[in-house]
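1. dropping a prediction and its sequence here:
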Protein chains: 2
Amino acid sequence: MPKETDEPKQQPGAGCPIRGVLDRIGDQWSLLTLEALEDGEKRFNELMREIGDISKQMLSKTLRHLEQDGFIRRTVYPQVPPRVEYELTELGRSFLIPMKTLIGWAEQNHPAIISARQRHENS
Amino acid sequence: MPKETDEPKQQPGAGCPIRGVLDRIGDQWSLLTLEALEDGEKRFNELMREIGDISKQMLSKTLRHLEQDGFIRRTVYPQVPPRVEYELTELGRSFLIPMKTLIGWAEQNHPAIISARQRHENS
DNA sequence: CAGGATCCGCACAGATACTG
DNA sequence: CAGTATCTGTGCGGATCCTG
């Protein structure tokens, strides 16, 4: 067959939604943050404790990115001491649905991956 | 309540399959490489051309990682000039199934994300 | 053709200190 | 409490050269 005119080539960032989305959830913390927010709204330090090994800057950045993309909502209660709550939006919640199936795959096939890695170490 | 002995906390890499898998597909090139291999086996330079903006080292690294994890198979044909073919394994192919649903979500919700980003720029 | 080895810049991520 | 600002190191990733 001859060359197609509309090959599925997609340069980075331009019109490629996959890159745009995966670069976000692939950034180590975004997914963990979203999952931490799954069971209701949380405060900043609450998220820090829950995620455990994340620094303030990373959590801050991650939250801002996720908010920018419309995955979470940030609510400031004008009190002293200040109180800020984060919660999933509809978009964020709907994202977790396909994500869950992927996580399920990961859990199910993790042993296979582990053994594949070890097989390679011994070769 | 007292401290639980088995809280769902998962330290990085230890027993967490999600991290192990997502760190791989989130590394910018792995997913693109897998997709490039979806329609049959390819050679090294063929993959380079198809992915477009990847360097030799990155493609090489990515391919080795994917092979280590059992996602792809590498076949060397002892000829001169050398010829090496890469193809998806069953594991790799099965991975693309849940991944596809996630990609579908990304394509469908990309406009919403874009507009959410722009709404934030103007605020 | 299919990579490995090396050098190097830069963006990312941690630690610390400071602010409202 | 909920962050921001700065400073710094490290590792990713590109470019180039070399090998079988």
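-> Structure's in. What do you need? Numbering: from 1, shown residues only, chains lettered A, B, ... in the order given.

2. helix/strand/coil for A:Asp39?
-> On the three-state scheme (DSSP: H, G, I helix; E, B strand; the rest coil), A:Asp39 is labelled coil.

3. quick one: it from A:Arg83, how far?
-> Per Cβ to Cβ, to the nearest Å, A:Asp39 is found 19 Å from A:Arg83. Just so you know, the C-beta spots here come from the backbone N, C-alpha and C atoms, and that holds for glycine as well.

4. of these two, who's got more company?
-> Between A:Asp39 and A:Arg83, A:Arg83 has the larger neighbour count (other Cβ atoms under 10 Å in any protein chain shown), namely 12 against 8.

5. can you pull the contacts of that one?
-> A:Arg43, A:Val76, A:Tyr77 (Cβ atoms under 8 Å, 6 or more residues apart in numbering or on different chains).

6. right, and A:Leu34 touches A:Ser94 too?
-> No: counting by Cβ atoms under 8 Å, A:Leu34 sits too far from A:Ser94 to count as a contact (11.4 Å).

7. more crowded one of those two?
-> Counting neighbours by other Cβ under 10 Å for A:Leu34 and for A:Ser94 shows that A:Leu34 has the greater number, 21 against 16.

8. how many neighbours does the closest residue to A:Ile25 other than its chain neighbours have?
-> With Cβ to Cβ, 6 or more residues apart in numbering or on different chains as the criterion, A:Ile25 has its nearest non-adjacent residue at 4.9 Å, and that residue is A:Leu31. With neighbours defined by other Cβ under 10 Å, the count for A:Leu31 comes to 22.

9. and A:Arg73, how far from DNA strand C?
-> For A:Arg73, the distance to DNA strand C (Cβ to the nearest atom of the strand, to the nearest Å) stands at 20 Å.

10. now the most centrally placed residue in chain A: how far from DNA strand C?
-> In chain A, the centroid-proximal residue (Cα atoms, centre = their mean) is A:Leu31; its distance is 2.6 Å. Distance, A:Leu31 to DNA strand C, by Cβ to the nearest atom of the strand: 13 Å.

11. so which of the contacts of A:Arg83 are in strands?
-> Judged by DSSP state E, strands contain the following of those: A:Arg43, A:Val76, A:Tyr77.

12. which of the residues you listed ranks first by neighbour count?
-> Neighbour counts for those (other Cβ under 10 Å) peak at A:Arg43, which has 14 neighbours.

13. which residue packs closest to A:Tyr77, ignoring adjacent ones?
-> Using Cβ to Cβ, 6+ apart, the closest residue to A:Tyr77 is A:Arg83 (4.4 Å).

14. confidence score at that neighbour?
-> pLDDT, A:Arg83: 97.

15. A:Leu47 and A:Glu35, how far apart?
-> 11 Å.

16. for chain A, what lies in contact range of DNA strand D?
-> Residues of chain A lying near DNA strand D by Cβ under 7 Å from any atom of the strand: A:43-46, A:56-57, A:60, A:63-64, A:74, A:81-84, A:86.

17. run the last query once more with 10 Å
-> Contacts of chain A with DNA strand D, taken as Cβ under 10 Å from any atom of the strand, map to A:12, A:26, A:42-49, A:55-61, A:63-64, A:67, A:74-77, A:79-86.

18. mind checking which of those residues are in helices?
-> Among the residues of chain A next to DNA strand D, the ones falling in helices (DSSP state H) are A:44-49, A:56-61, A:63-64, A:67.

19. tell me which of the residues you listed is nearest to DNA strand C?
-> Closest approach between these and DNA strand C, by Cβ to the nearest atom of the strand: A:Met58, at 3.9 Å.

20. now the closest residue in space to that closest one that isn't next to it in sequence: phi and psi?
-> Using Cβ to Cβ, 6+ apart and skipping residues adjacent in sequence, the residue nearest A:Met58 is A:Trp29, 5.6 Å away. The phi/psi pair for A:Trp29 (degrees, to the nearest 10) reads phi -110, psi -30.
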